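Participant: Structure, please.
(one chain, ligands or ions: 2)
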Amino acid sequence: MRLLVTGGAGFIGSNFVRTALKDAAHHVTVLDAFTYAGNRGSLDGLPAERCTVVEGSVCDAGLVDALVAAHDVTVHFAAESHNDNSLNDPSPFVQTNLVGTYTLLEAVRRHDHRYHHISTDEVYGDLELDDPAKFTERTPYNPSSPYSATKAGSDLLVRAWVRSFGVRATISNCSNNYGPYQHVEKFIPRQITNVIDGVRPRLYGTGANVRDWIHVEDHNEAVLAIIDRGTIGETYLIGADGEQSNRAVVEQILTLMGQEPSAYDLVSDRPGHDLRYAIDASRLREELGWAPRYPDFPSGLAAAIDWYVANEAWWRPMKAATENRYAKTGQ
Ligand code: NAD
Ligand code: DAU
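Facilitator: Ligands and ions are numbered 1, 2, ... in the order given. Okay, here's the model as predicted:
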């Protein structure tokens, strides 16, 4: 199978390429704009004869058309992905997440091409801390941030292209990922690399907000299952029952790294900060037989810490610029 992977030099995309290439029948082309979040080092060591990298934007209609025509399946990871950045400047989020998805969908429509759209649980808004409910495929859309609003818009474009034009697409909405090659702007890598640098972790607000953590490999195995045997036109929620408060995550990181669990600082809250996400992945488990291989968050977190300790050469070049951006908002 010839796979076109947009955003394949980012966190989840690069892990997906690594997983997909374990199958010798797969050839991958990465289409990536190499924004601040794209990293060639995340693709090191992959078989060159089965992995091609193209530098370019998903908004470039000519390039996208030619690439889609030359592949069997497109998996669309490329996005502006960080909520805090979307609060500072929403414009690249509108461009890449909305115009980029539209550009891909038009190419997919022309070539009657199989398309899988990667999205997020944030399209559903948030839940109360004490609400027993979880998000399902039937939860109404209610995004909070410029990031999640553009992801919600991109999902709705896909649904419209399926219904109006018969495009062969599936959508997945996943919860918070963690694992190797995640940018140090994101919560878990930021706190691990802060502790390595002797800097106290920083929790927004009270630290009570809850995220539903899943290992990136479990996310990507689910995506491969949906591409293989998902029903065209359907949406699948991906999650591994990994709810943790931000405070609990920071306390675990500190303990695992030999510090006092209370050695963190509370900083100003994110505007519009979603309180809690939680995924009900029953459809994925029951229809496609998927189950997470890393259901134990504490051991997955320990492995992630080991990865950042061992791979300082990968993250060090981006650390100072990231912290300079946070310093401007006092976070
Ligand atoms: P990331 O920021 O690490 O990577 C994004 C990649 O897209 C980068 O390589 C970047 O260079 C590339 N890119 C950006 N604009 C582009 C453009 N115009 N054309 C081509 N490439 C472009 O993001 P991530 O965390 O790996 O997220 C990947 C996808 O998964 C996104 O669609 C995101 O919404 C979704 N998602 C992320 C999470 C999570 O926890 N990180 C959870 C659920 C869904
Ligand atoms: O739910 C899926 C989403 O998860 C994806 O769609 C997004 O692309 C991805 O970035 C992630 O969004 P979050 O906003 O939940 O992730 P982030 O890593 O930015 O923050 C996780 C939580 O930690 C959130 O409640 C904010 C908080 N936080 C974050 C940082 C960077 C802190 O308390 N301190 C911090 O320094």
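Participant: how about the residues of the protein that lie near ligand 1?
Facilitator: Neighbours of ligand 1 within the chain, by C-beta under 6 Å from any ligand atom: 6-7, 9-13, 31-35, 37-38, 57-59, 77-81, 96, 100, 118, 120, 151, 174, 176-177, 183. Quick note: C-beta positions are derived from backbone N, CA and C, even for glycine.
Participant: Now the buried members of those.
Facilitator: Among these, those scoring as buried are 6-7, 9-13, 31-33, 35, 37-38, 57-59, 77-81, 96, 100, 118, 120, 151, 174, 176-177, 183 (criterion: 16 or more other C-beta atoms under 10 Å).
Participant: Point out the ones among these that are inside strands.
Facilitator: If you go by DSSP state E, these have Thr6, Leu31, Asp32, Ile118, Thr120, Cys174, Asn177 in strands.
Participant: wait, what's in contact with the nearest residue in space to the fifth one that is not next to it in sequence?
Facilitator: Take Thr120 and drop its neighbours on the chain: the residue closest to it by C-beta to C-beta, 6 or more residues apart in numbering is Lys151, 5.2 Å away. Contacts for Lys151 were tallied using C-beta atoms under 8 Å, 6 or more residues apart in numbering; they are Ala79, Asn97, Ser119, Thr120, Glu122, Val123, Pro143.
Participant: let's go with 7 Å and repeat that
Facilitator: Going by C-beta atoms under 7 Å, 6 or more residues apart in numbering, Lys151 touches Asn97, Ser119, Thr120, Glu122, Val123.
Participant: thought the first one was touching Ala149?
Facilitator: No: using C-beta atoms under 7 Å, Asn97 makes no contact with Ala149, being 9.0 Å away.
Participant: neighbour-wise, which of those two wins?
Facilitator: Asn97 (28 against 21; other C-beta atoms under 10 Å).
Participant: For the more buried one, give its distance to His117.
Facilitator: Distance from Asn97 to His117, counting by C-beta to C-beta, to the nearest Å: 11 Å.
Participant: Check Glu55 too.
Facilitator: Distance check for Glu55 against His117: by C-beta to C-beta, it reads 22 Å.
Participant: Likewise for Met257?
Facilitator: Distance, Met257 to His117, by C-beta to C-beta: 37 Å.
Participant: Now the residue of the chain found nearest ligand 1. Its backbone dihedrals?
Facilitator: Nearest to ligand 1 in the chain, going by C-beta to the nearest ligand atom, is Gly10, at a distance of 2.0 Å. Torsion angles at Gly10 (phi, psi; degrees, to the nearest 10) stand at phi -90, psi -170.
Participant: which ones are touching it?
Facilitator: So Gly10 contacts Ala37, Gly38, Phe77 (C-beta under 7 Å, 6+ apart).
Participant: Need these in a markdown table (columns: distance to Ala69 and pLDDT).
Facilitator: Formatted as a markdown table, those follow (distance: C-beta to C-beta, whole Å; pLDDT from 0 to 100):
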| residue | distance to Ala69 | pLDDT |
| --- | --- | --- |
| Ala37 | 27 | 98 |
| Gly38 | 24 | 98 |
| Phe77 | 20 | 99 |
